[in-house]
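Enquirer: sequence first, then the predicted structure:
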Amino acid sequence: MPVKAQTSEQQGFAYGALLLGWLIPGAGHFLTGRWIRGLILFCSITAMFAIGLAANGHLYAPNTRNLIEMLAFFGDLGAGGLFIVAKLLGFGNTVVTIVSADYGTIFAVVAGLLNIVAAVDAHSLRIGRKS
């Protein structure tokens with residue numbers, strides 16, 4: 001059964017769900033009316049990011065020449081507002097010296113990557129590509 005695309009009058013700003021979903025985890029799904037999915041995404045992504053910071057995880061900065069650290073920075077940046085607030089408050093500036101901190105770093109990166117996937121999913125729902 002093909003999905004009927006919405007007209008531009010029905011959908012408004014087509015990238016609103018994508019941008020809002022990136023900035024606040026799950027908010028893109030709230031915008032599309034998927035309240036339960038949005039709440040699950042908000043809770044899980046925020047919890048993963050918070051657990052990563054609680055485990056002394058490191059948040060990467062863009063000023064590096066190491067390819068792996070640059071990719072990890074883009075993963076962290078995927079958490080959107082969570083990453084921005086954490087950096088402004090000075091969280092995640094620790095040097096990884098224990099194993100739990102390494103796990104915390106991975107939790108924060110994966111939370112960002114999951115948020116990117118969720119934001120793209122919200123965009124697909126918004127433009128009618130997915131139902």
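Expert: Noted; the coordinates are in hand.
Enquirer: what ranges in this structure fall below the confidence cut-off?
Expert: Scanning the chain for pLDDT under 70 picks out 1-12.
Enquirer: pick out the residue nearest the middle of it.
Expert: Asn115 (2.6 Å; C-alpha atoms, centre = their mean).
Enquirer: work out for me the element it sits within.
Expert: Under the criterion of DSSP states H and E, Asn115 resides in helix 99-127.
Enquirer: which elements pack onto that helix?
Expert: helix 16-23, helix 27-31, helix 35-54, helix 67-77, helix 81-88 (3 or more C-beta pairs under 8 Å, 6 or more residues apart in numbering; DSSP states H and E). C-betas here are computed from N, CA, C, even on glycine.
Enquirer: among the ones you listed, which is nearest Val95?
Expert: Closest to Val95 of those is helix 67-77 (C-beta to C-beta; 13.0 Å).
Enquirer: tilt between the closest one and helix 16-23?
Expert: Between helix 67-77 and helix 16-23, the angle comes out at 110 degrees (axes from the mean of the first three to the mean of the last three C-alpha atoms, to 10 degrees).
Enquirer: got the CA positions of helix 67-77 in PDB?
Expert: The C-alpha coordinates for helix 67-77 follow below in PDB (Å, rounded to 0.1, in the frame of the first residue of the first chain):
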ATOM      1  CA  LEU A  67      40.000  10.700  12.700                       C
ATOM      2  CA  ILE A  68      38.500   8.500  15.400                       C
ATOM      3  CA  GLU A  69      38.000  11.400  17.800                       C
ATOM      4  CA  MET A  70      36.400  13.500  15.000                       C
ATOM      5  CA  LEU A  71      33.900  10.700  14.300                       C
ATOM      6  CA  ALA A  72      33.300  10.400  18.100                       C
ATOM      7  CA  PHE A  73      32.700  14.200  18.200                       C
ATOM      8  CA  PHE A  74      30.000  14.000  15.500                       C
ATOM      9  CA  GLY A  75      28.500  11.100  17.400                       C
ATOM     10  CA  ASP A  76      28.400  13.300  20.600                       C
ATOM     11  CA  LEU A  77      27.100  16.200  18.600                       C
END
